[in-house]
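Visitor: prediction below, plus the sequence it came from.
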2 protein chains.
Amino acid sequence: MKTYLDCIPCALKQALDASRMAGADERLQKKILDEVCRLIPRFPLNATPPQMGAEIHRLIRNLTSNSDPYKKIKKDSQRMALDMYPELGEEVKKAEDSLAAALKIAAIGNVIDFAINDSVKIQRELEDISSHEFAIFEYDKFKESLAAAHTVLYLADNAGETVFDRVLIEEISTGKELCYGVRGAPVINDALEEDAKEAGIDKSARIVSNGSDAPGTFLESCSKEFRDIFLNADVIISKGQGNFESLYGEGYPVFFLFKIKCLPVARELNGNVGDLILKQEG
Amino acid sequence: MKTYLDCIPCALKQALDASRMAGADERLQKKILDEVCRLIPRFPLNATPPQMGAEIHRLIRNLTSNSDPYKKIKKDSQRMALDMYPELGEEVKKAEDSLAAALKIAAIGNVIDFAINDSVKIQRELEDISSHEFAIFEYDKFKESLAAAHTVLYLADNAGETVFDRVLIEEISTGKELCYGVRGAPVINDALEEDAKEAGIDKSARIVSNGSDAPGTFLESCSKEFRDIFLNADVIISKGQGNFESLYGEGYPVFFLFKIKCLPVARELNGNVGDLILKQEG
């Protein structure tokens, strides 16, 4: 997905949030915003938003000497989500269609995203899971692809969300070779190997680092091992907006599973902010 | 008031809105954002937000060759407000305390501000005027100053809001020499002489251009005539955030009358977004 002009003020706001999260004082926060402003004219509109995000967050980590500004928030999200895990499992068990329920839980887990909107309250979202419906739900296509698949690659999004992903992975992993792809280095609140392990993903899937510090999936910045897994997977499930923004339109038959959090992505899909999405490209 | 770091992403968003309003195509919008990004590092934190705003909007008018991008919106606001004028007058007439009612109407009129939030709906605000209370209301001080005043300067904010100002001006102008200060050239949706005249302000006050194109009041950028009026007025009433942001902390005994529209201003006054304010500096 190309960068919308609306992504630019939003990127600056995110840079400010991240600088504060990294403990920068006001003077350093201003220096960071100035440096981000110097970066922006170098990005053409056909770059994707996470390409800009990758450079911005690299710059913040360098200027603040904080290699993982979101560490505490990630820990908190993981703890909150782990507390909810038994309840999530119950929701799937009592559902008529357990796969559809697990997909919905994984999509709702996508609201754990402090990078985009720290006021979104996952607890409120989960109070009544049944009241949420997918706005785009290519369920039959997904079931068919999954039934025929031997290898599945599941692209993680945020820490905490990992626990919600586990619920879906447990539902679909039987008889498959399932890889759970995480970021290779800290960026925003994106999940790392340690988060996936803590969420218990390793009980049903192989956790694989993508080798990249981008808040999305750019094959050219990923390790060869990850690229091979990506290019040979029978089914790819991509969680979150960062992965969507970097992969949508690139021609891979990925199933995108997420909640729309901003107007540019809503426009891209003719949807609305807040919509739950399960959609395959093409 | 100094620029908060949060003002920077907001200024970029406003620049994008203004570029679209000015009819710029996507390529020109990007060029404008790039130029604004190049401007930002040159602004120190002790500049006020409207100083940055003045340069940004000047840049947009130049790059788009559109000398008044908000012309249509201003016209629409004026028409909407003029339609409401009889109803506003009735509200004052039926109030127990007509001065307090006129102050409230003038403050509520401050939601006509498309530059900051185009989704704010004045109509909704006005449905039940009595339900709005001032969060800061230095009414006794205001009444005393006004009673002792011979000359009053009223600093206008936006087009449309002028009609709400007229209601207050009619309430306070008897026996005073009242000047209504407007911008000297188009900037955002700020009121100009023609808007003040169309609102009927000239029936009770002398309309004076401040000679400046800044979206606030910087005496050094104003005409000598306006500066003299400002420095000699017994009472100054300042409408809107732009005037507040440029004058608050400058040491003049101005009464600020407005509705808080963003977090930085809320922080400056220990208030909340949405609060109605009548407050004298110092």
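Guide: Arrived safely, thanks for sending.

Visitor: spell out which parts of chain A neighbour chain B.
Guide: Applying CB under 8 Å from any CB of the partner chain, we find that chain A lies next to chain B at A:5-6, A:8-10, A:12-13, A:16, A:26, A:29-30, A:33-34, A:37-38, A:40-41, A:45. Heads up, the C-betas are built off the backbone N, CA and C, glycines and all.

Visitor: next SSE downstream of the helix or strand A:Leu28 falls within?
Guide: A:Leu28 is located in helix A:26-39, with elements delineated by DSSP states H and E. Where DSSP H and E defines the elements, the next helix or strand beyond helix A:26-39 is helix A:49-64.

Visitor: show me where chain A has helices.
Guide: For chain A, applying DSSP state H gives helices covering A:7-21, A:26-39, A:49-64, A:71-94, A:98-108, A:122-126, A:139-148, A:161-172, A:193-198, A:224-232, A:240-247, A:263-268.

Visitor: let me have the ones you listed in TSV, extended by mean neighbour count.
Guide: As requested, the helices of chain A are exported to TSV (neighbours: other CB atoms under 10 Å in any protein chain shown):
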stretch	mean neighbour count
helix A:7-21	23
helix A:26-39	18
helix A:49-64	21
helix A:71-94	16
helix A:98-108	22
helix A:122-126	15
helix A:139-148	13
helix A:161-172	26
helix A:193-198	20
helix A:224-232	15
helix A:240-247	27
helix A:263-268	17
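
Visitor: rank those by pLDDT, which is bottom?
Guide: Mean pLDDT values for the helices of chain A show the minimum at helix A:122-126, a mean of 65.

Visitor: of all the helices of chain A, which one comes closest to B:Glu171?
Guide: helix A:7-21 (40.0 Å; CB to CB).

Visitor: that closest one packs against which elements?
Guide: helix A:26-39, helix A:49-64, helix B:7-21 (3 or more CB pairs under 8 Å, 6 or more residues apart in numbering or on different chains; DSSP states H and E).

Visitor: may I have it as PDB, with CA atoms only?
Guide: Extracted C-alpha coordinates of helix A:7-21, given in PDB (Å, rounded to 0.1, in the frame of the first residue of the first chain):
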ATOM      1  CA  CYS A   7       0.200   9.200   7.000                       C
ATOM      2  CA  ILE A   8       2.800  12.000   7.300                       C
ATOM      3  CA  PRO A   9       1.300  14.000  10.200                       C
ATOM      4  CA  CYS A  10       0.500  10.600  11.800                       C
ATOM      5  CA  ALA A  11       4.100   9.500  11.400                       C
ATOM      6  CA  LEU A  12       5.200  12.600  13.200                       C
ATOM      7  CA  LYS A  13       2.800  12.100  16.000                       C
ATOM      8  CA  GLN A  14       4.000   8.500  16.300                       C
ATOM      9  CA  ALA A  15       7.600   9.700  16.400                       C
ATOM     10  CA  LEU A  16       6.700  12.100  19.300                       C
ATOM     11  CA  ASP A  17       5.000   9.300  21.200                       C
ATOM     12  CA  ALA A  18       7.900   7.000  20.700                       C
ATOM     13  CA  SER A  19      10.400   9.700  21.700                       C
ATOM     14  CA  ARG A  20       8.500  10.100  25.000                       C
ATOM     15  CA  MET A  21       8.300   6.400  25.500                       C
END
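
Visitor: can you tell me what sits against it?
Guide: The contact list for helix A:7-21 (CB atoms under 8 Å, 6 or more residues apart in numbering or on different chains) reads A:28-29, A:32-33, A:36-37, A:40, A:49, A:52-53, A:56-57, A:60, A:64, A:69-70, A:73, A:115-116, A:118, A:188, A:262, A:264, B:5-6, B:8-10, B:12-13, B:16, B:33.

Visitor: ok, which of the helices and strands packed on helix A:7-21 comes nearest A:Asn272?
Guide: Using CB to CB, the helices and strands packed on helix A:7-21 put helix A:49-64 closest to A:Asn272, at 18.8 Å.

Visitor: what angle do helix A:26-39 and that closest one make with each other?
Guide: 140 degrees (axes from the mean of the first three to the mean of the last three CA atoms, to 10 degrees).

Visitor: which residue packs closest to the spatially most central residue of chain A, ignoring adjacent ones?
Guide: Closest to where the C-alpha atoms of chain A average out (CA atoms, centre = their mean) is A:Asp157, at 2.4 Å. Spatial nearest neighbour of A:Asp157, chain neighbours left out: A:Gly240 (2.8 Å); criterion: CB to CB, 6 or more residues apart in numbering or on different chains.

Visitor: again, but for A:Ile112
Guide: Closest to A:Ile112 by CB to CB, 6+ apart is A:Gly160, at 4.1 Å.

Visitor: residues contacting the one you found?
Guide: Going by CB under 8 Å, 6+ apart, A:Gly160 touches A:74, A:76-78, A:80-81, A:109, A:112, A:122, A:189, A:195.

Visitor: separation between it and A:Ile40?
Guide: Separation of A:Gly160 from A:Ile40 (CB to CB, to the nearest Å): 30 Å.

Visitor: ok, the residue nearest to A:Asp190 when sequence neighbours are not counted - contacts?
Guide: Distance criterion CB to CB, 6+ apart; nearest residue to A:Asp190, sequence neighbours excluded, is A:Arg183 at 4.6 Å. Going by CB under 8 Å, 6+ apart, A:Arg183 touches A:156, A:190-192, A:209-210, A:212-215.

Visitor: sorry, back to before: the helices of chain A: which one's closest to B:Asp228?
Guide: Among the helices of chain A, the nearest to B:Asp228 by CB to CB is helix A:26-39 (36.7 Å).

Visitor: before we move on, back to that, could the contacts of A:Gly160 go into a markdown table alongside distance to A:Glu281?
Guide: Below are the contacts of A:Gly160 laid out as a markdown table (distance: CB to CB, whole Å):
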| residue | distance to A:Glu281 |
| --- | --- |
| A:Lys74 | 29 |
| A:Asp76 | 33 |
| A:Ser77 | 28 |
| A:Gln78 | 30 |
| A:Met80 | 32 |
| A:Ala81 | 28 |
| A:Gly109 | 22 |
| A:Ile112 | 24 |
| A:Ile122 | 27 |
| A:Asn189 | 25 |
| A:Asp195 | 26 |
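
Visitor: run the angle between the helix holding A:Leu28 and helix A:7-21 for me.
Guide: Going by the same axes, to 10 degrees, helix A:26-39 makes 150 degrees with helix A:7-21.

Visitor: quick one, which of the helices of chain A gets closest to B:Met1.
Guide: Nearest to B:Met1, of the helices of chain A and by CB to CB, is helix A:26-39 at 15.0 Å.
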